[in-house]
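In: Take a look and give me a structure for this.
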Amino acid sequence: MLEQRNLILAIVLSMAVLFGFEHFFGSKAPPPTQQTAETSAGAPSVAAPGAAPGAAPGTAPSAPGGATVPTAPGATAEQVATETRAQALAADTDRVTINTPSLNGSIRLKGGRIDDLTLVTYHETTDPTSPEITLLSPTGAPHPYYAEFGWVTGDKSVKVPDANTVWTASSKTLTDKAPVTLTWDNGQGLKFTRRISIDAHYMFTIEQMVENTWDTPRTLFPYGLIKRDGEPKTVNFYILHEGPLGVFDGTLKEEKYSAVKDDGEIKYTTEGGGWLGITDKYWLTALAMDQTMPSNARFLYAPKGTEDGYQTDYTSSKPYDVSPGSMVQVTNRFFAGAKEVDLLDAYTDNLGITNFDLAIDFGWFYFLTKPFFLALQFLHGILGNMGLAILAFTVFLKALFFPLANKSYRSMSKMKLLQPEMKKLQERFKDDRQRLNTEMMALYKKEKVNPLAGCLPIVIQIPVFFALYKVLFVSIEMRHAPFYGWIKDLSAPDPTNIFTLFGLIPWDPPSMLMIGIWPVIMGITMFLQQKLNPAPADPTQAKIMMFLPLIFTFMLGHFAAGLVIYWSWNNTLSITQQWIIMRRMGAKP
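Out: Model (predicted):
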């Protein structure tokens, strides 16, 4: 029948949207995992931002003033073969220790490079004694990933700090209360000073000064770069962007690793304001240039030897002229840490970093996902549990859509009351499908029933479902957030498995049979809700409807537990609402 076909169509469309939306509209980028260290010890510098179009990696065409942005030398073949991260750090003891409430690590004085960071408050598993998340690692370690700052000049006779420059530090420890000053004299009348400070979270402030004590003017360009070595492995998950990204003059730009590799160099300019970096699912490294400084920026494929490498960098497009007896200064910032929504918003408000919250991939439903997150965060602050916040938020959504849902359920109740009349028409006109449809439409009109109204709750739920799914998937606040009982991480699938009797049977089933308790609860609630609706007269349609709860049980079995809990709770509330309405209208539930 028409109304049943519409209902089935709505459900099938929801399934298609569920898996098709990510493919066609989501950000497609591979999440970096383990990487291989560089093998060449002296690779040539690569083109600076603003270099001539078509410049290949490894060349150095003219930038503003003829300056080029360097990439640091990689690990030797011996280092690649033998060094762990700990060994790479132990072999380079000339470092400034970083010790803050949020970060542990160090700064390498040779090159002045920030290349050693772990996140104090985030661990690899839900066990608080598990290792801290490692974000940055030095060259020679299995995961080279670092940030570097400095000056470049078109005058090759002028010495500027590079990867081999050994800086003198004012202190051996950098804390959120005590900054560190690095100094170096080039022996040609230029004194370079770099003051590094950090807040209690993840933001470094780098103040670079150059004093000219010589009798010759110099022209310099400040730069910053983030380098990640090796080819990141891909999981090809379509609803999340991981890789190079940035905001230039208020516009977000995201590029896949594969696109950067294919193009070699992707360039942007900004008149002032913006940032760029590399993002993972939960972690971010980002350079925030002077928000008043016009800059050239780029995403670069920077291989060394046979190893892949990716770099994001910027240079000022405005020259800094250092006349004799004068000093110039530039302030830049470097973020390295967790993508916490409140923190990124605070950096936008307090430091003026444009649209910094766009580092979190809230996607096309941004207008829903971020408000949903803020609502869940507010409820979490009241209830103390993110799972309870999801339940409370679902109640709020049901109340918000109550008028529309109430109208829909009343229409479905009327449809159920019309079942006897509809069966009579089916028997009477079983050999004349066109006449049957005409008579049924006349019956709907007479009884003031809208056969499409029953689809509305499902259709309305689709964008809400995706928005909440996005929040649960991309928000670090959901990571390792517990519920009750066996749910220790709302962002991960239900860890139980009915096919092993919850661990009693020593069997490792295939992934499609990893179905936990909450997905089963969701399937049962979907089945019960289906039973409240008018049954399809067509046997084929009835069988399809009968199997849908089972199909969804297996589909959602591998989704985040928080999403499955939401779906189950939403179904339960819908069943209650629909049951009450049907009783009041005299339809037998």
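In: hang on, residue 270 packs against residue 249?
Out: Yes - contact criterion CB atoms under 8 Å: residue 270 and residue 249 qualify, at 5.1 Å. Yep, even glycine has a C-beta here, placed from its N, CA and C like the rest.
In: Between these two, which is the more surrounded one?
Out: residue 270 (24 against 12; other CB atoms under 10 Å).
In: which stretches of the stretch 151-300 of the chain form helices?
Out: Ranges of helices within the stretch 151-300 of the chain are 257-263, based on DSSP state H, counting those that start in this stretch.
In: same deal with the stretch 451-589 of the chain?
Out: Under the criterion DSSP H, counting those that start in this stretch, the stretch 451-589 of the chain contains helices at 456-474, 517-532, 539-556, 561-585.
In: what about the last one, distance to the chain center?
Out: This points to helix 561-585. In terms of CA atoms, centre = their mean, to the nearest Å, the centre of helix 561-585 is found 31 Å from the chain centre.
In: do stretch 313-322 as well
Out: For stretch 313-322 - counting by CA atoms, centre = their mean - the centre lies 31 Å from the chain centre.
In: I'd like the mean pLDDT over that stretch, please.
Out: Average pLDDT, stretch 313-322: 93.
In: Please report how far the closest residue in space to residue 513 that isn't next to it in sequence lies from residue 515.
Out: Nearest residue to residue 513, sequence neighbours excluded (CB to CB, 6 or more residues apart in numbering): residue 499, at 4.7 Å. Separation of residue 499 from residue 515 (CB to CB, to the nearest Å): 7 Å.
In: And for residue 429?
Out: According to CB to CB, residue 429 and residue 515 sit 44 Å apart.
In: Looking at the two, which one has more neighbours?
Out: Neighbours were counted for residue 429 and for residue 515 using other CB under 10 Å; residue 515 has more, 21 against 16.
In: mind listing what the closest residue to the more buried one other than its chain neighbours touches?
Out: Spatially, and ignoring its direct neighbours in sequence, residue 515 is nearest to residue 557 (4.3 Å; CB to CB, 6+ apart). Contacts here follow CB atoms under 8 Å, 6 or more residues apart in numbering; on that basis residue 557 touches 493, 494, 514, 515, 516, 519, 564.
In: again with residue 104
Out: Neighbour list for residue 104: 98, 117, 118, 120, 132 [criterion: CB under 8 Å, 6+ apart].
In: okay, and for the stretch 51-200 of the chain, where does confidence drop off?
Out: Residues of the stretch 51-200 of the chain that meet the criterion pLDDT under 70 lie in 51-82.
In: follow-up on the earlier one: want to try JSON lines for the helices of the stretch 451-589 of the chain, with mean neighbour count, distance to residue 192 and mean pLDDT as columns?
Out: Formatted as JSON lines, the helices of the stretch 451-589 of the chain follow (neighbours: other CB atoms under 10 Å; distance: least, CB to CB, whole Å; pLDDT from 0 to 100):
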{"stretch": "helix 456-474", "mean neighbour count": "21", "distance to residue 192": "40", "mean pLDDT": "77"}
{"stretch": "helix 517-532", "mean neighbour count": "20", "distance to residue 192": "58", "mean pLDDT": "89"}
{"stretch": "helix 539-556", "mean neighbour count": "15", "distance to residue 192": "57", "mean pLDDT": "80"}
{"stretch": "helix 561-585", "mean neighbour count": "20", "distance to residue 192": "50", "mean pLDDT": "84"}
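In: Residue 242 is nearest to which of these?
Out: Closest to residue 242 of these, according to CB to CB: helix 456-474, at 10.5 Å.
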